[in-house]
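K.L.:
below are the sequence and a predicted model for it; my questions follow.
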Amino acid sequence: DGGITQSPKYLFRKEGQNVTLSCEQNLNHDAMYWYRQDPGQGLRLIYYSQIVNDFQKGDIAEGYSVSREKKESFPLTVTSAQKNPTAFYLCASTEQGPGLGNTIYFGEGSWLTVV
Amino acid sequence: KQEVTQIPAALSVPEGENLVLNCSFTDSAIYNLQWFRQDPGKGLTSLLLIQSSQREQTSGRLNASLDKSSGRSTLYIAASQPGDSATYLCAVRPRGSGGSNYKLTFGKGTLLTVNP
C-alpha cells in the first residue's frame, strides 16, 4: 500500500545527543515536510522540501537539520542545539502541481522524549 | 501573518446528534482549506479538501463549507457515532510565491467526544 512510514515510533534522547527520525514515502510525491506538534498546540512547520536536493526552513528550524538525497526519503535530525525537543513529530508529503491544490498526507508520527 | 482559529476547543455530544465544527482564518488569500481527523497518538488523516473556488465538499456523513470572503469554514457531521470521537483540525494553504505557498497554517483542533 502507498503511504508514509516514520520510524522509530518512540525515541528517547539523552541530553547532548543528536537523533535522527526517518521518513520514507512511496507515493511518488515531490514535496515533503516535517512538523512538530506539542500538546494543545497546532502543527508547526520545521522544514520542507519541494524537490530532491532542495529544502527550506520552516517556522521553527533552529536546532534541526534535514537532507533530501532521494525523492522518497526526508530524514530529520534533532540536534543538541534544540533546547526543548520533547514533542510529537509528523512527516508529510504532497504532489507538486498547478495551484498546489493537492491533499497533504501524513505519516503516523514519532514521539521523541528527552531523558 | 495567517492565523487559524478553531472553536470550540472541545465538544461532547450524544450519539446520533448532528454537529458543526468551526474554523476561521485571517487572510483570505488561500489556495485551499483542508479538514483532518487525528486519533490519539496518531498522524493526521485527510477528510476533505476545499479549493478556494469551491463552496463545499461532501464525503459520506461529512460536509465542509468554505466562505473565503468571511474567512470561515465549517465541518458538518451528520448522525454522529462514537467512532467519530477524535481531534479535528483544519489547515489553510496560502497563495504566494517563493515557496511560501508550501507553508500550511493549522488550527489547534477541536476535540470531539461522541457518547454512546
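P.N.:
Now that the structure is in, tell me what you want to look at.
K.L.:
find me the pLDDT at the residue nearest to A:N102 when sequence neighbours are not counted, would you?
P.N.:
Spatial nearest neighbour of A:N102, chain neighbours left out: A:E95 (4.5 Å); criterion: Cβ to Cβ, 6 or more residues apart in numbering or on different chains. Every C-beta, even on glycine, is put in place using the N, C-alpha and C of the backbone. If you check A:E95, the pLDDT there is 81.
K.L.:
next: B:L104.
P.N.:
88.
K.L.:
any idea how far A:Q41 is from it?
P.N.:
Taking Cβ to Cβ, to the nearest Å as the measure, B:L104 falls 15 Å from A:Q41.
K.L.:
and the two? which has more neighbours close in?
P.N.:
Regarding B:L104 and A:Q41, a neighbour count based on other Cβ atoms under 10 Å in any protein chain shown identifies B:L104 as having more, with 26 against 13.
K.L.:
list the contacts for that one?
P.N.:
B:L104 sits next to A:L43, A:L45, A:I104, B:Q34, B:A91, B:V92, B:R93 when contact means Cβ atoms under 8 Å, 6 or more residues apart in numbering or on different chains.
K.L.:
one more: A:Q17?
P.N.:
If you count contacts by Cβ under 8 Å, 6+ apart, A:Q17 has them with A:S80.
K.L.:
how close does it sit to chain B?
P.N.:
A:Q17 sits 24 Å away from chain B when distances are taken as Cβ to the nearest Cβ, to the nearest Å.
K.L.:
what does A:C23 give?
P.N.:
Distance from A:C23 to chain B, by Cβ to the nearest Cβ: 11 Å.
K.L.:
strands of chain B, start to end?
P.N.:
Ranges of strands in chain B, per DSSP state E, are B:4-7, B:10-14, B:19-25, B:30-38, B:44-51, B:56-59, B:62-67, B:72-77, B:86-94, B:105-106, B:110-115.
K.L.:
where in chain B is pLDDT low?
P.N.:
Along chain B, segments meeting pLDDT under 70 span B:97-100.
K.L.:
so which residues on it come close to chain A?
P.N.:
Proximity of chain B to chain A (Cβ under 8 Å from any Cβ of the partner chain) is limited to residues B:4, B:31-32, B:34, B:36, B:41-46, B:49, B:51, B:89, B:91, B:93, B:99, B:101-109.
K.L.:
circling back: which of the contacts of B:L104 sit farthest apart?
P.N.:
Distances among the contacts of B:L104 were taken as Cβ to Cβ; the most separated pair is A:L45 and B:Q34, at 14.6 Å.
K.L.:
comparing these two, which shows the higher neighbour count?
P.N.:
Each of A:L45 and B:Q34 has its neighbours counted (other Cβ under 10 Å); B:Q34 has more, 25 against 21.
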